[in-house]
Each structure stands twice: as structure tokens, then as C-alpha cells.
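Enquirer: Have a look; sequence and predicted model below, questions after that.
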Amino acid sequence: MSEQQVFAQPGASEWTELAPGNRRRVLIHTPELMQVEFGFDKGAVGALHSHPHIQVSYVAEGSFEVTIAGKTEIVGQGGSFIVPSGLEHGVVALEAGRLVDVFTPMRQDFI
């Protein structure tokens, strides 16, 4: 068994292209918790989806139209939102931006 990573340096992980203008990189994780950065070009969409993980998101840069369980709000830089387990959610980047998401438990499908 390998030793648990406790630090993640800038640029240590690679971006994965998800859709046009939408990419992610896993920053750090344990079996119980995962931190992921998502990058969006202006107008890019994080399609509506759901998963069993609890998710909390921080808008590190930009502005996003965020929909959770049919309710939509605009969340700008410095704002946050939380997605309880199983709720349908998605985003539209109103300008180029970045989200930092934390999932519990970790998203095994991202590894």
C-alpha cells in the first residue's frame, strides 16, 4: 500500500478535457474526500447530472449560472454552493472561470 499524499503542488496533475471548453484535474484525494479543479471557457456547460457524492463548490474565478434541483442562481467569484447527494445539477460559465469542488466520498470515476 502506498503512502497517503498530503501535499499537492501547482501543476502536479494533468487536465482532462471533458467537453469543448470544459476540463478538470484531480488535485488531491483520500478514500473519504477529493478536491478537483474544473476550468471553463466562457459559455462552456457542465451538463446536468447527479451522483451519490456530496459536493461543495467554490468559484475561484469567473461567474456561473448554477442549477441545483431545478433552482438556478448566478454565483460569482468567491461564492460557493453545495449539492446534496443525488440532486441533479449543472453549470454554465458566464465568463471564463474555475470551480474548485470537494466530494465526499471521493469520486472513484475520476481516477
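Expert: Here it is on my side, so go on.
Enquirer: CA atoms for contacts and neighbours, from now on please.
Expert: Noted.
Enquirer: ok, residue 48 - contacts?
Expert: 88, 89, 90, 91 (C-alpha atoms under 8 Å, 6 or more residues apart in numbering).
Enquirer: now swap in residue 99 and tell me
Expert: 37, 38, 39, 57, 58, 59, 60, 61.
Enquirer: host element of it?
Expert: strand 97-104 (DSSP states H and E).
Enquirer: What pairs with that strand, parallel or antiparallel?
Expert: strand 34-40 (antiparallel), strand 54-61 (antiparallel) (DSSP bridges).
Enquirer: which of these sits most buried?
Expert: Among the strands paired with strand 97-104, strand 34-40 has the highest mean neighbour count (mean count of other C-alpha atoms under 10 Å), at a mean of 21.
Enquirer: which element follows it toward the C-terminus?
Expert: Counting by DSSP H and E, what follows strand 34-40 is strand 45-49.
Enquirer: so what's residue 29 bridging to?
Expert: Beta-bridge partners of residue 29, as defined by DSSP bridges: residue 34.
Enquirer: Let's see the pLDDT reported for it.
Expert: Residue 29 carries a pLDDT value of 96.
Enquirer: next one: residue 1
Expert: Reported pLDDT for residue 1: 41.
Enquirer: same check, this time on residue 11
Expert: 89.
Enquirer: on that earlier part again, adding distance to residue 74 and mean pLDDT, write the strands paired with strand 97-104 out as JSON lines.
Expert: As requested, the strands paired with strand 97-104 are arranged in JSON lines below (distance: least, C-alpha to C-alpha, whole Å; pLDDT from 0 to 100):
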{"stretch": "strand 34-40", "distance to residue 74": "15", "mean pLDDT": "98"}
{"stretch": "strand 54-61", "distance to residue 74": "11", "mean pLDDT": "98"}
